[in-house]
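give me a 3D structure for the following:
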Amino acid sequence: MIAVAVHSIALLLAAALFTWIEHRWSAQSALRWWQRPLGIDLTYWFVGPLLGQIALVTGLTLIGLGLLALLGPAFDRTLVERLQQGHPWVAGWPVWLQVVGAIIVADFTLYWIHRAFHRLPFLWPLHAVHHSATRLDWLAAVRVHPLNTLISTTVLGTVLIALGFPLAVLAGVVPILGLLGLLGHANVTWEFGPFLRYVFASPRFHRWHHTHVDEGGDRNFAAFIPLWDRMFGTWYLPRVPLPERFGITGDPVPQRFVGQLLHPLRAWGAMARGCLGLPTGEPWGWGRWLAAGVASFVVVLLLVGTLLGPLSTLAVQVSLPHQHGDLHLTGYRRGGPTPPTQEGIRFTLPREAAHGWFMAAVGHGLPPQAADPRSVMWGELRSPAVGAPLPMQVVSDERGTPSRLDLTLDVARVNGWLLQGARQDDSPWVLRLAAGSRLSDVALPPAPTWDLALRLVLSGTAARRDGQVGLFRVESLDGRIDLRFFPGSSDTRVEARVQFDRLRLTDLRTNETSDVPALVLGIIAQAITKGLHDQPPLLPFVVPRDARLSVEVVESSAEATPAF
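Next up is the predicted model:
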């Protein structure tokens, strides 16, 4: 309703303005725009903007699909942002100069698009709808077939985006082109003088374009700058009285809105019948139309099925970056190599689970193709509990593959966590792990109340936190950790039960190596289990109950050193 009200107000304002202009400088004084049949052009006035928006979105989508086809994995969020901002050498111009430059480039491009619509037989049925008006005035400018708009928008948008014009400038140029289009079709005698007639396309210039071919029509293709017609031999502006016969000769275009929408389909059908050697004048029966409709429907289904994958990629890319709890998602790639990461979390999920995760993370529904095998979404886990941001990946795997969580941690980050824990517990001891320590899923059959069993293998150094006495090296620690997950809506509570099988220590003061007695190991394991039970840890993401888990500690890197 708001759109109808806005277009109604715009119609009243334009009608008032052009009524005065066409009365004051009328080219055909006996003819008034309101004295002719208005139903079809008023329908275009109200329905045209909607069809134009659909054409614009479709055109931008086609441009995006073209970029996907050309660039493949290189088409990511960063590229989308660069396209929105434009190339620096254009975006650095003053805004007024960007607008002027965009209009000049657009008019040059539209000249050749317009000329192609007139000269290429398969395009002319689309453009013939615009030339079907037998009375030329400002309101006739809106009579444009939506496929005509789609083709023009796609080609023009591709040229302007390729040259580096920001999308905001393009959005500002569109209404300027629309207003100039209304003025160019007005029923007035304006010519802009002996010099400016070669610089700006006047209504007089465009009226000759709408005449019959035998009167000089099919020329003057420039929309605003007739210099292009002068340069390429299509200029025609005689100083004889203005033409009064408009429209097209030959196969007439219907004068009803639906008929004009279907006119190109009928014309193309006649061309196809001619190519197949069928009588072009023979009307098709309902059977042939039904067969053509079914064939067209199948073609559309195949086309949509082919485009769903790229469209899903485009949808995810445009939705990023996105905040999902503590996860900051920054990138997505459909297929292709997985972006490397030295440290981080890697979820490997079956396609169905990955699709659900992508859908929840991005915030809207996506087709299943968004999680084709090897698709990956990446970002960072930003939580006070992890210190510096921890890289994260969610990878879609083949159907039926169990979920897996692989966690690769920088040794400096892990030791920072251990130091924090010692401070919070007021423990005099600190365990500093060495690279190569790991938790690995050995597929042990878990106890009935536990979800996952892990084998713990680590080495490192144990020392008093004050650094004074009791310095030990952990030669090896083997054990088992049983984990039980309680998933919530945004995080998972984890309960753990620890069991140690062997602990071998070396006293660095005496250089003596010995095994810790099993009784002592049991007491240590019970103490750790009780602490984990009293204060169970929380994972800021939901872990599937059937997930496989592995954790590996790697050497420190300057980039991954946590900020504790």
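
going forward, measure contacts between C-alpha atoms and count neighbours the same way
Will do.

let me see the confidence value for Ala443.
Looking at Ala443, its pLDDT reads 60.

what does Ala360 give?
76.

list the buried residues in the host helix or strand of it.
Using DSSP states H and E, Ala360 falls within helix 351-362. By 16 or more other CA atoms under 10 Å, the buried positions in helix 351-362 come out as 351-355, 357-359, 361-362.

quick one: mean pLDDT for stretch 270-285?
Averaged across stretch 270-285, the pLDDT comes to 65.

can you check stretch 480-495 too?
Here the average pLDDT along stretch 480-495 is 82.

are we agreed that Ile21 is in a helix?
Yes: the assignment for Ile21 (DSSP: H, G, I helix; E, B strand; the rest coil) places it in a helix.

quick one: secondary structure of Leu349?
For Leu349, the secondary-structure state derived from three-state DSSP is strand.

tell me the pLDDT of it.
88.

do Leu303 as well
Note for Leu303: predicted pLDDT of 65.

was I right to think Gly379 contacts Asp326?
No: between Gly379 and Asp326 there is no contact under CA atoms under 8 Å: 10.5 Å.

picking that back up, distance to Thr109 added to the buried residues of helix 351-362, as JSON lines?
Output for those, formatted as JSON lines (distance: CA to CA, whole Å):
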{"residue": "Arg351", "distance to Thr109": "44"}
{"residue": "Glu352", "distance to Thr109": "46"}
{"residue": "Ala353", "distance to Thr109": "47"}
{"residue": "Ala354", "distance to Thr109": "44"}
{"residue": "His355", "distance to Thr109": "42"}
{"residue": "Trp357", "distance to Thr109": "44"}
{"residue": "Phe358", "distance to Thr109": "40"}
{"residue": "Met359", "distance to Thr109": "40"}
{"residue": "Ala361", "distance to Thr109": "41"}
{"residue": "Val362", "distance to Thr109": "37"}
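
hmm, who's touching the helix holding Ala360?
By CA atoms under 8 Å, 6 or more residues apart in numbering, the residues outside helix 351-362 that reach it are 316, 319-320, 322-324, 365-366, 368, 370-373, 377, 394-399.

do stretch 84-102 as well
160-161, 163-170, 172-173.

now those residues: which count as buried?
160-161, 164-167, 169-170, 173.

which two in the residues you listed are spaced the farthest apart?
Gly164 and Val173 (14.7 Å; CA to CA).

returning to that earlier point: show me the contacts of helix 351-362 that map onto helices.
Judged by DSSP state H, those include 316, 319 as members of helices.

mark which of the contacts of helix 351-362 are buried, thanks.
316, 319-320, 322-323, 366, 368, 370-373, 377, 394-397.

neighbours of Gly269, how many?
15 (other CA atoms under 10 Å).

how about the secondary structure of it?
helix.

what is the least confident helix or strand in the protein?
Using mean pLDDT, DSSP states H and E, the weakest-scoring helix or strand in the chain turns out to be helix 286-319, at a mean of 66.

picking that back up, for the helix holding Ala360, the distance to its chain's centre please.
17 Å (CA atoms, centre = their mean, to the nearest Å).

do stretch 157-176 as well
18 Å.

quick one: end-to-end distance for it.
One end of stretch 157-176 sits 15 Å from the other (CA to CA, to the nearest Å).

now do it, average pLDDT.
84.

what's that stretch in contact with?
By CA under 8 Å, 6+ apart, stretch 157-176 touches 59-60, 63, 83-91, 95, 98-99, 102-103, 105-106, 109.

which PyMOL command selects the buried ones in the residues you listed?
Buried residues among these (16+ other CA under 10 Å), as a PyMOL selection:
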select buried, resi 59+60+63+83+84+85+86+87+90+91+98+99+102+103+105+106+109
